[in-house]
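Asks: sequence and predicted model, in that order:
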Amino acid sequence: MDVLARPVVWRRTGSPVFVYAARVDRTWWVLRLNDFPDHPLFTLFIGGVPVGDLDDPAGRARGWDLDTGTRAPLVDEEQEEVLTLMRGLAPYGSEVGQPCDAVWCSCDQLADGE
């Protein structure tokens, strides 16, 4: 399945790291905001599993509707569910067991659930 071709309506999570989430077929899709431009802008996770990096999701994924602030954010229970799913995956590279700790990058300042 080409995930970029799938229509997705994203909602804000209230987290500065995992900024957008959408429930698609009962599975959470989550966009992690990375330390751009040192890393790709976003990393897409589906069910807590990394799918790929994106620099321009709105431009590449035509059916994706990123929340512009007009949509209600996740409710507390949904936010807790998303942040629990994503725990330990805040720094870029943590999804492959190599979290970024470069001195030129702010990844080491990212914390889950902020």
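Replies: Yes, it's here.
Asks: nearest the middle, which residue of the protein would you pick?
Replies: The centroid of the chain falls nearest to L31 when counting by CA atoms, centre = their mean (1.7 Å).
Asks: please name the bridge partners of that one.
Replies: Judged by DSSP bridges, the bridge partners of L31 are Y20, L44.
Asks: what about the helices in the protein?
Replies: Secondary structure of the chain (DSSP state H): helices at 57-60, 76-86.
Asks: so which of those is the most surrounded?
Replies: helix 76-86 (a mean of 16; mean count of other CB atoms under 10 Å). For the C-beta atoms, the positions are set from N, CA and C on the backbone; glycine is no exception.
Asks: pLDDT of it, averaged?
Replies: The pLDDT scores in helix 76-86 average 96.
Asks: of all the helices of the chain, which lies closest to V49?
Replies: With CB to CB, the closest approach to V49 among these belongs to helix 76-86: 10.0 Å.
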